[in-house]
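S.K.: generate a structure from the sequence data that follows.
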Amino acid sequence: MGNPKIDKAKFSKVLLNHKMTRRDFCEKTGMNPFSLSKKLNGHSKFSYDDLLSIRNNTGITKGEFEDLFFCKSESK
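M.R.: Next up is the predicted model:
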């Protein structure tokens, strides 16, 4: 199984909706900013611990979380 890329525009929109910068996101999740960049660009994978920390510490809703990490793009 490959490493699915996160839609960076969608990620940025979620952060904006929560009035959170990437720095805020990293502080809340304990993630290194360089590591986050690698993960957003598909050069590294989000670990299970990363996902738990994101879900539990950022205020991102269940729907937003699922849309970012588990939903594929819609085909129209």
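S.K.: identify each buried residue in the worst-scoring helix or strand of the chain on mean pLDDT, please.
M.R.: The weakest-scoring helix or strand in the chain, judged by mean pLDDT, DSSP states H and E, is helix 62-69 (a mean of 92). Going by neighbour count (16 or more other CB atoms under 10 Å), the buried part of helix 62-69 is 64-65, 68-69. To be clear about C-beta, it is placed using only N, CA and C from the backbone, and glycine gets the same treatment.
S.K.: could you identify the most distant pair in those residues?
M.R.: Glu64 and Phe69 (9.6 Å; CB to CB).
S.K.: against which helices or strands is the helix or strand hosting Phe34 packed?
M.R.: Assigned by DSSP states H and E, Phe34 falls within helix 33-40. In terms of contacts (3 or more CB pairs under 8 Å, 6 or more residues apart in numbering; DSSP states H and E), helix 33-40 is packed against helix 22-29.
S.K.: and the helix it packs on with helix 33-40, angle?
M.R.: 100 degrees (axes from the mean of the first three to the mean of the last three CA atoms, to 10 degrees).
S.K.: what sits up against helix 22-29?
M.R.: Residues from elsewhere that reach helix 22-29 (CB atoms under 8 Å, 6 or more residues apart in numbering): 15, 20, 31-33, 36, 50, 53-54, 57-58.
S.K.: buried ones in that helix?
M.R.: Applying 16+ other CB under 10 Å to helix 22-29 flags 25-26, 28-29 as buried.
S.K.: which ones are touching the closest residue to Glu64 other than its chain neighbours?
M.R.: Leaving aside its chain neighbours, Glu64 sits nearest to Val14 (5.1 Å; criterion: CB to CB, 6 or more residues apart in numbering). Applying CB under 8 Å, 6+ apart, one finds that Val14 lies in contact with 60, 64, 68.
S.K.: low pLDDT regions in this protein?
M.R.: Applying pLDDT under 70 to the chain flags the ranges 1-4, 72-76.
S.K.: please report how far Asn41 lies from Ser47.
M.R.: In this view, Asn41 and Ser47 are 16 Å apart by CB to CB, to the nearest Å.
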